[in-house]
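Novice: sharing a model that was predicted from the sequence below.
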Amino acid sequence: MDTRHQQEIDSANKNHKDTNEITDTALNNVENDLSKVKISKAQKRRDKKSQQEKERDELIKQQEQENRHGPRNIELQEINNKLKERGLKIFMIPSDGDCLYKAVSHQLAIIKQKDVSVDELRESTAKYIRQHKGDFLPFMTHPDTFEMLTDEDFEEYCEKLENTKVWGGQLEVRALSNSLKCPITIIQATGPGSIDQGDEYEKPPLIITYHRHMYGLGEHYNSTVQGEIEA
């Protein structure tokens, strides 16, 4: 009786052990499968990231190639060639609406050792245009209707010129030159080699550059300094 009872106990223990071993094996298999899934997903993420980086690098190379022969680079090369003849190179000015006035301010500082702020230049430009309204008004048109400005439009234009970051163009260059009593030379890629404003003033000119394609937002002015253009 005792022998039989012992055999039953041993058999039960063996079955329990076998069950545990099966359970452990099954758990190990599940863990291995999950690990493989994790590795597989991680590898897929790495592969996807690698492919995205490869595609990005290809796009950058393609863009660089297009830029090399694009209007911005061609224009810049033409301006650099003209500056080289004068022993000059571009001094970059931020594109923020004040570029004309900042370029002129920079020129005044390095050529005339004169510190004139952008606000002061805007104020003197607006003042000169107001005082010589008859000389400027015939060349000023409304941006929407393209008709000549009314007196009210003219004053609004002068207010914006003086108090905002509205961009300056050829009329403002003319007013700047006359208010400063100083010639201003504009180097550009196309047309004449330079546009000279204020030739009647027998002083060294302020030399700035005009760019149509440097920035996507529109036209831009830079200043210049003595020196050779870096290759």
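Specialist: Okay, I see it.
Novice: now do the buried residues in stretch 86-106.
Specialist: 88-91, 93, 95, 97-106 (16 or more other C-beta atoms under 10 Å). The C-beta positions use only the backbone N, C-alpha and C, and glycine is treated the same way.
Novice: stretch 158-177 now?
Specialist: Neighbour-count burial for stretch 158-177 [16+ other C-beta under 10 Å]: 158, 161-162, 167-168, 171-177.
Novice: in helices, which of those appear?
Specialist: Per DSSP state H, helices hold the following members of those: 158, 161-162, 171-177.
Novice: reformat these into CSV and put pLDDT and distance to residue 183 next to each item.
Specialist: Below are these laid out as CSV (pLDDT from 0 to 100; distance: C-beta to C-beta, whole Å):
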residue, pLDDT, distance to residue 183
158, 98, 24
161, 98, 21
162, 98, 23
171, 97, 16
172, 98, 15
173, 98, 11
174, 98, 11
175, 98, 14
176, 98, 11
177, 98, 6
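Novice: return the member of those residues nearest to residue 148.
Specialist: Distance to residue 148, by C-beta to C-beta, is smallest for residue 171 among those, at 13.4 Å.
Novice: ok, that closest one to residue 158 distance?
Specialist: 11 Å (C-beta to C-beta, to the nearest Å).
Novice: please point out which parts of the helix or strand encompassing residue 212 sit buried.
Specialist: Take DSSP states H and E as the rule and residue 212 turns out to sit in strand 206-215. Within strand 206-215, the residues that count as buried by 16+ other C-beta under 10 Å are 206-211, 213-214.
Novice: which one of those is nearest residue 146?
Specialist: The nearest one, if we look at the buried residues of strand 206-215 relative to residue 146 and count by C-beta to C-beta, is residue 210, at 22.8 Å.
Novice: mind listing what that closest one touches?
Specialist: Contact partners of residue 210, counting by C-beta atoms under 8 Å, 6 or more residues apart in numbering, are 186-188, 195, 219-221.
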